[in-house]
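Novice: what's the 3D shape of this:
(one chain, ligands or ions: 3)
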Amino acid sequence: MISMKSYDMRRKHLASQMQKGVAIIPTSPERVRSRDGNYPYRFDSYFYYLTGFSEPEAVLVIVADINEGVTKDILFCQDKNAEYEIWNGFRHGPESAKEVFNIDETYSISRLDELLPKLLHDQPKIYCALGQDNRWDLRLIHCINQVREQARNGISAPTEICDSRLLLDEMRLFKSEEELQIMRKAANISTSAHCRAMRMTQPGMKEYEIEAELLYEFRSHGAEAPAYTPIVAGGANACILHYVENNMELKSGDLLLIDAGCELHGYASDVTRTFPINGKFNSAQKDVYQLTLSAQVAAINAVKPGTHWDAPHTAALQVLVQGFIDLGLCQGSVESVIKSKDYKRFYMHRTGHWLGLDVHDVGEYKQDGKWRLLHSGMTFTVEPGCYIRPADNVPRDFWNIGVRIEDDVMVTKTGCEVLTASAPKTIAEIEELMQ
Ligand code: GLY
Ligand code: MN
Ligand code: MN
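Specialist: Ligands and ions are numbered 1, 2, ... in the order given. The predicted model follows:
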């Protein structure tokens, strides 16, 4: 778990970068799923990163004046309400939230429009995430205008709006030991779900039956939810990158691609494994699978501090393109196929993305126009794939084979730790588990 002290340190760190100004960070609104039923609630990752507070209808305000040596954290949240709690369960309310979450001042969310303009008096800058929620943007502009109306009373309104994400993304990119412990646990739950899926899969089952096994494993180990909609894609469905219907029959002789990861204490894991539905790879499947695995291993071997973000992708691409040429899928030299982008018929995505509170986590990939350097504490996925759709110039044996192998890695001081190593991925390991 993340300690309250850590949340406090994150707020102080943000304040120290703001120097003088006010940060305003609302959590996500509830969203209607159907009539009077909402989607399961998920807090905003920035808000949660700074507070650990998971209730809806809450706003964090940080007032910083570093030269004066003062910062103040203020939380607006829902009131306690006995009637509401009978129907919908516990709410902290401002009093309890102040104690439990170690916040300087807490107020009812119903006082936000009254108090927020006052907090903006004579402040030079606002730090917020404009464009994330239109209704919230309008509310904020209304607040600023209220302060402007006070000009004749000698009160000045903020004149600069800065993007809070520029500061927070950089903080979130580097994971602490507390965060890594959670991410390791999330990764372990996800890999055990993939092992369960391999053990349970039989020809004749439906994709959704395997999806149910994944969800069972996630929830029975305490994960809140899947971190994204699971992809359970048999046969040709594996060549649809974001296939989520998960309603087809699993056929003997086909592969099954599963991209599924759980969310634990807000942190995502993101794992893909591909295996034969009848437990045995055929010859063409072996070729494509082994090629993808070799590319993935080459990419993982390229992960170390000081190398740049694109190095794992470049390593994977070199192996894949050589393989496409060897298998007769592409013609020419590795250089010419990369230059012409002909490989994109079979590998059309990149090899990974940052991973954290969001599956596609925050953080810049380039700095000053160059790929940024890897550093210990960064976490991301390594996920090359190969997707072969039927086409005249593709040998028939390869038609409809789709393979992706995705692990979550953390950059260490000397190389990397593969957080999801316990899900089998060699041909021998997979065939043995499925026996
Ligand atoms: N599961 C989403 C991704 O692999 O990026
Ligand atoms: Mn994935
Ligand atoms: Mn991914």
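Novice: so residue 392: helix, strand or coil?
Specialist: What DSSP: H, G, I helix; E, B strand; the rest coil gives for residue 392 is coil.
Novice: what's around it, how many residues?
Specialist: A count of nearby residues for residue 392, using other Cβ atoms under 10 Å, gives 4. The way it works is simple: take the backbone N, C-alpha and C, and place the C-beta from them, glycine included.
Novice: distance of it relative to ligand 1?
Specialist: Distance, residue 392 to ligand 1, using Cβ to the nearest ligand atom, to the nearest Å: 30 Å.
Novice: for the residue most central in space within the chain, phi and psi?
Specialist: In the chain, the C-alpha closest to the average C-alpha coordinate belongs to residue 359, at a distance of 1.3 Å (Cα atoms, centre = their mean). When read as degrees, to the nearest 10, the backbone of residue 359 gives phi -60, psi -50.
Novice: quick check: the gap between the residue nearest to it when sequence neighbours are not counted and ligand 2.
Specialist: Leaving aside its sequence neighbours, residue 359 sits nearest to residue 268 (Cβ to Cβ, 6 or more residues apart in numbering; 4.3 Å). Between residue 268 and ligand 2 the computed distance is 10 Å (Cβ to the ion, to the nearest Å).
Novice: thinking again about what came up before, got a list of what the residue nearest to the centre of the chain touches?
Specialist: Contacts for residue 359 were tallied using Cβ atoms under 8 Å, 6 or more residues apart in numbering; they are 227, 228, 261, 268, 270, 353.
Novice: give me the beta-bridge partners of the residue in the stretch 301-435 of the chain positioned nearest to ligand 3?
Specialist: At 4.1 Å from ligand 3, residue 381 is the closest residue in the stretch 301-435 of the chain, using Cβ to the ion. Taking DSSP bridges as the rule, residue 381 bridges to residue 408.
Novice: near it, how many other residues are there?
Specialist: 25.
Novice: touching, it and residue 352? I think so.
Specialist: Yes: at 4.4 Å, residue 381 counts as touching residue 352 under the criterion of Cβ atoms under 8 Å.
Novice: re earlier: next up, phi/psi of the residue nearest to residue 359, please.
Specialist: The phi/psi pair for residue 268 (degrees, to the nearest 10) is phi -90, psi 150.
Novice: residues contacting it?
Specialist: Neighbours of residue 268 in contact, by Cβ under 8 Å, 6+ apart: 186, 227, 228, 261, 262, 355, 356, 357, 358, 359, 361.
Novice: can you do 10 Å?
Specialist: Residues in contact with residue 268 (Cβ atoms under 10 Å, 6 or more residues apart in numbering) are 45, 183, 186-187, 190, 225-228, 261-262, 355-361, 379, 381, 408.
Novice: any idea what it is bridged to?
Specialist: residue 263.
Novice: state the distance from it to ligand 1.
Specialist: Taken as Cβ to the nearest ligand atom, the span from residue 268 to ligand 1 is 9 Å.
Novice: and residue 210, what element?
Specialist: Here residue 210, judged by DSSP states H and E, is contained in helix 207-220.
Novice: which neighbours do residue 381 and residue 352 share?
Specialist: Here residue 381 and residue 352 share the contacting residues 270, 312, 406, 407, 408, 409, scored by Cβ under 10 Å, 6+ apart.
Novice: what parts of the stretch 201-350 of the chain come near ligand 2?
Specialist: Listed as neighbours of ligand 2 in the stretch 201-350 of the chain under the rule Cβ under 5 Å from the ion: 259, 270.
Novice: quick one: the helices in the stretch 201-350 of the chain?
Specialist: Taking DSSP state H, counting those that start in this stretch as the criterion, the stretch 201-350 of the chain contains helices spanning 207-220, 283-301, 311-326, 334-340.
Novice: residue 170: which of those is closest?
Specialist: Residue 170 sits nearest to helix 311-326 of all the helices of the stretch 201-350 of the chain, at 20.7 Å, using Cβ to Cβ.
Novice: which residues of the stretch 301-435 of the chain fall in strands?
Specialist: 366-367, 370-371, 379-382, 385-388, 401-404, 407-411, 416-418 (DSSP state E, counting those that start in this stretch).
Novice: is there proximity between the third one and ligand 2?
Specialist: This points to strand 379-382. No: Strand 379-382 stays clear of ligand 2 (Cβ under 5 Å from the ion), getting no nearer than 6.6 Å.
Novice: tell me what that strand is packed against?
Specialist: Packed against strand 379-382 by the contact rule (3 or more Cβ pairs under 10 Å, 6 or more residues apart in numbering; DSSP states H and E) you find helix 177-200, strand 267-268, helix 283-301, helix 311-326, strand 407-411, strand 416-418.
Novice: for the chain, what lies in contact range of ligand 1?
Specialist: Selection of the chain residues close to ligand 1 by Cβ under 6 Å from any ligand atom yields 228, 259, 270, 353, 359, 383, 406.
Novice: ok, 8 Å please
Specialist: The chain has residues 227-228, 231, 259-261, 270, 272, 349, 353, 359-360, 381, 383, 404, 406 near ligand 1, with proximity defined as Cβ under 8 Å from any ligand atom.
Novice: got a quick ChimeraX command for the buried subset of those?
Specialist: Selecting the buried subset of the residues of the chain next to ligand 1 in ChimeraX, with 16 or more other Cβ atoms under 10 Å as the burial test, is done by:
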select :227,228,231,259,260,261,270,272,353,359,381,383,404,406
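Novice: quick check: of the residues of the chain next to ligand 1, which lies closest to residue 130?
Specialist: Of all the residues of the chain next to ligand 1, residue 130 sits closest to residue 360, with 20.5 Å by Cβ to Cβ.
Novice: let me know the outermost residue of this protein.
Specialist: Relative to the centre of the chain, the most outlying C-alpha is that of residue 152, 47.3 Å out, by Cα atoms, centre = their mean.
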